[in-house]
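Visitor: This is a predicted model, with the sequence first.
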Amino acid sequence: MEKRVRVRFAPSPTGPLHIGGVRTALYNYLFAKQNGGDFLLRIEDTDQTRFVEGAEEYIIEAFKWLGLKFDEGVGIGGKYGPYKQSERKPMYKDYAMQLIKSGHAYYAFDTAEELNQRRSEAEAEKKTFQYDCKTRMSLRNSLSLSSDEVASLLENGTPYVIRFKFEEGETIEFDDMIRGHIKVESSLLDDKVLYKSDGMPTYHLANIVDDHLMCISHVIRGEEWLPSCPLHVSLYNAFGWGSEMPKFAHLPLLLKPDGKGKLSKRDGDRLGFPVFPLQWTDPKTKEISSGYRESGYLPEAVVNMLALLGWNDGTEQEIFSLEELVNKFSIDRISKHGAKFDMEKAKWFNHQYLQKLDNDILSEEYFKELKQKGITTDLSTVKQVVELIKERCSFAKDLWMNSDYFFTAPVEYAEKALKKRWKEGTSDTMRIISKQLHDIDDENWAQKAEDFLMDYIQKNELNMGQIMNCLRLAVVGDTKGPNMLDIMKVLGKEEILNRLDVATEKINL
């Protein structure tokens, strides 16, 4: 019987969640759901020196906002818990000792000063020091020391770490679902630390033990972990779990917009876009980093955008619901190459999703914003405005910028437009038009007003563009906005005439 699909997203609580990490979680989610499997959240907090207050809560909140639900894990529970590595601490030493007994690992008693000395000596010879099969016998460990010396050091409580022992001259082979068959010579690898002197396992040991105990079937993670994969494969074999080893898939990097290197927070700061799903305040420095949520992005747009950074379904389709992504996702169609982050494309995605957003929902949100600005209006007017200007907006926050003139009369007029459009005598023409508009009866006034304007311009052989743009300038304060008939319908006769009177008085050419 085929193994049940079980994948995990296993972040470390060392700060805010990078958008690249969100994409990794998304691909895990899509793969699990497509295969009727389980999606787990495990917090890997073995490195207590890098722990950041609030980071774990931030991670959980980010996925709630994005709408990616875990089936089990931290904050949810499940039969394979606990799902936080610090709460699993007692078990890891037993597994490290198991490797010592089987000869796949050894104690290393070297101090930080001794190792730094070796690194300095290597640098002086323009070489790189590595703790491996070539150097370990010249260092202080249970392979180079006698059994009595080792026993004495342990008995005296001498600090140590436990390192994995790579055999010399072996070829480590494994398959990657994205990159194909990979071979690595063991002699090139360093003997990584598995268990630290503070009693905590390193990522490598805890990760393998937890994946095995949690029955993880596929490990889908970033390509930065590809160099560690030979060690992980070797650990599975050393424990005798080789036949139950998960399948590996290493995802391409998210690159800077210019494609030169991994996308970082500095790129976001420099170019003015978020690299975190939610706003983050550093607990120590109080520095605030922007987030997609607070920048006005819709979670569905962020998910859709991230899905296509490194994957496509082979068609020209770009807009996918989460359900469509689940149905169409395939690891076979993930690129081996890094995906360049495109801020303009991210805005485009948000624009598409904003257009799909129910106008009633958007209107109610905008209505609240207008109230906060001290503007008195009614919800039906707000709905009319939203319907008219929504297509001009990429974010909900763009609504005010594109529609302020519906709620506040202009107090100044766009200088460039005035110079171009408002000629000598225009104010007199606008006064004549205002008087005529005043005399039109109120019923269906906006339509009658437009009919009058078209007729008036034609009969008097006036320039259509100039007159209509001047009318727009007087009412809006600029030459922007939707069709004038629509503006007149929303504002109504009295407001339009008031604005015309004010404009002819102020501009007075």
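Guide: Arrived safely.
Visitor: Point out the other elements, helices or strands, that the lowest-mean-pLDDT helix or strand in the chain touches.
Guide: Every helix and strand of the chain was ranked by mean pLDDT, DSSP states H and E. The lowest is helix 265-271, at a mean of 87. On a contact count with 3 or more C-beta pairs under 8 Å, 6 or more residues apart in numbering; DSSP states H and E, helix 265-271 meets strand 288-289. Yep, even glycine has a C-beta here, placed from its N, CA and C like the rest.
Visitor: Who are the packing partners of the strand it packs on?
Guide: Secondary elements touching strand 288-289 (3+ C-beta pairs under 8 Å, 6+ apart): helix 265-271, strand 280-281.
Visitor: Now do it: distance to the chain's middle.
Guide: 14 Å (C-alpha atoms, centre = their mean, to the nearest Å).
Visitor: what lines up beside it in the sheet?
Guide: strand 280-281 (antiparallel) (DSSP bridges).
Visitor: ok, and what's touching the partner strand?
Guide: 15, 16, 58, 287, 288, 289, 291 (C-beta atoms under 8 Å, 6 or more residues apart in numbering).
Visitor: can I see the domain layout of this protein?
Guide: 6-74+211-255, 90-195, 265-354, 358-406, 415-507 (automatic domain parsing).
Visitor: what would those look like in CSV with distance to residue 204 and mean neighbour count?
Guide: Below are the domains of the chain laid out as CSV (distance: least, C-beta to C-beta, whole Å; neighbours: other C-beta atoms under 10 Å):
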stretch, distance to residue 204, mean neighbour count
domain 6-74+211-255, 6, 20
domain 90-195, 6, 15
domain 265-354, 24, 17
domain 358-406, 43, 16
domain 415-507, 59, 16
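Visitor: any chance of those domains in CSV, plus distance to residue 202?
Guide: Below are the domains of the chain laid out as CSV (distance: least, C-beta to C-beta, whole Å):
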stretch, distance to residue 202
domain 6-74+211-255, 7
domain 90-195, 5
domain 265-354, 25
domain 358-406, 43
domain 415-507, 59
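Visitor: which residues are contacting the least confident helix or strand of the chain?
Guide: 18, 256, 257, 274, 275, 276, 289, 290, 341, 343.
Visitor: among those, which are in helices?
Guide: Under the assignment DSSP state H, these contribute residue 343 to helices.
Visitor: Out of the contacts of helix 265-271, which sit inside strands?
Guide: residue 289 (DSSP state E).
Visitor: farthest pair in the contacts of helix 265-271?
Guide: Using C-beta to C-beta, the two most remote members of the contacts of helix 265-271 are 257 and 289, lying 17.7 Å apart.
Visitor: Do a quick rundown of the helices in the stretch 1-150 of the chain.
Guide: Shown for the stretch 1-150 of the chain, the helices assigned by DSSP state H, counting those that start in this stretch span residues 19-34, 55-66, 89-102, 112-124, 147-155.
Visitor: quick one, helices of the stretch 251-400 of the chain?
Guide: 265-271, 299-307, 322-328, 343-356, 359-372, 379-389, 398-403.
Visitor: Show me what the last one is packed against.
Guide: Read it as helix 398-403. On a contact count with 3+ C-beta pairs under 8 Å, 6+ apart, helix 398-403 meets helix 359-372, helix 379-389.
Visitor: again, 6 Å this time
Guide: helix 379-389 (3 or more C-beta pairs under 6 Å, 6 or more residues apart in numbering; DSSP states H and E).
Visitor: Packing partners of the helix it packs on?
Guide: helix 359-372, helix 398-403.
Visitor: Make a markdown table out of the ones you listed and add distance to residue 300.
Guide: Shown next, in a markdown table, are these (distance: least, C-beta to C-beta, whole Å):
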| stretch | distance to residue 300 |
| --- | --- |
| helix 359-372 | 13 |
| helix 398-403 | 18 |
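Visitor: Which one of those lies nearest to residue 226?
Guide: Nearest to residue 226, of all the helices and strands packed on helix 379-389, is helix 398-403, at 41.3 Å by C-beta to C-beta.
Visitor: Give me the contacts around that closest one.
Guide: With contacts defined as C-beta atoms under 6 Å, 6 or more residues apart in numbering, helix 398-403 is touched by 366, 385, 389, 392, 393.
Visitor: so which pair among these is furthest apart in space?
Guide: Maximum distance among these (C-beta to C-beta): 13.6 Å, for 366 and 392.
Visitor: what mean pLDDT would you report for stretch 78-96?
Guide: Averaging pLDDT along stretch 78-96 yields 94.
Visitor: who's in contact with that stretch?
Guide: Contacting residues not belonging to stretch 78-96 are listed as 42-46, 72-74, 162, 194-195, 201, 206, 209, 214 [C-beta under 6 Å, 6+ apart].
Visitor: nearest to residue 113, of these?
Guide: residue 162 (20.0 Å).
Visitor: who's in contact with the closest one?
Guide: 96, 105, 194, 195.
Visitor: Just to be sure, it is in a strand?
Guide: Yes: assessed by DSSP: H, G, I helix; E, B strand; the rest coil, residue 162 belongs to a strand.
Visitor: Residue 502 versus that one, what's the distance?
Guide: 81 Å (C-beta to C-beta, to the nearest Å).
Visitor: Any idea how far the helix or strand encompassing residue 451 is from the middle of the chain?
Guide: According to DSSP states H and E, residue 451 maps onto helix 445-459. Taking C-alpha atoms, centre = their mean, the mean C-alpha location of helix 445-459 is offset from the chain mean by 51 Å.
Visitor: orientation of the following helix or strand past it relative to helix 445-459 in degrees?
Guide: Counting by DSSP H and E, the next helix or strand C-terminal to helix 445-459 is helix 464-476. With axes from the mean of the first three to the mean of the last three C-alpha atoms, to 10 degrees defining the directions, helix 464-476 sits at 150 degrees from helix 445-459.
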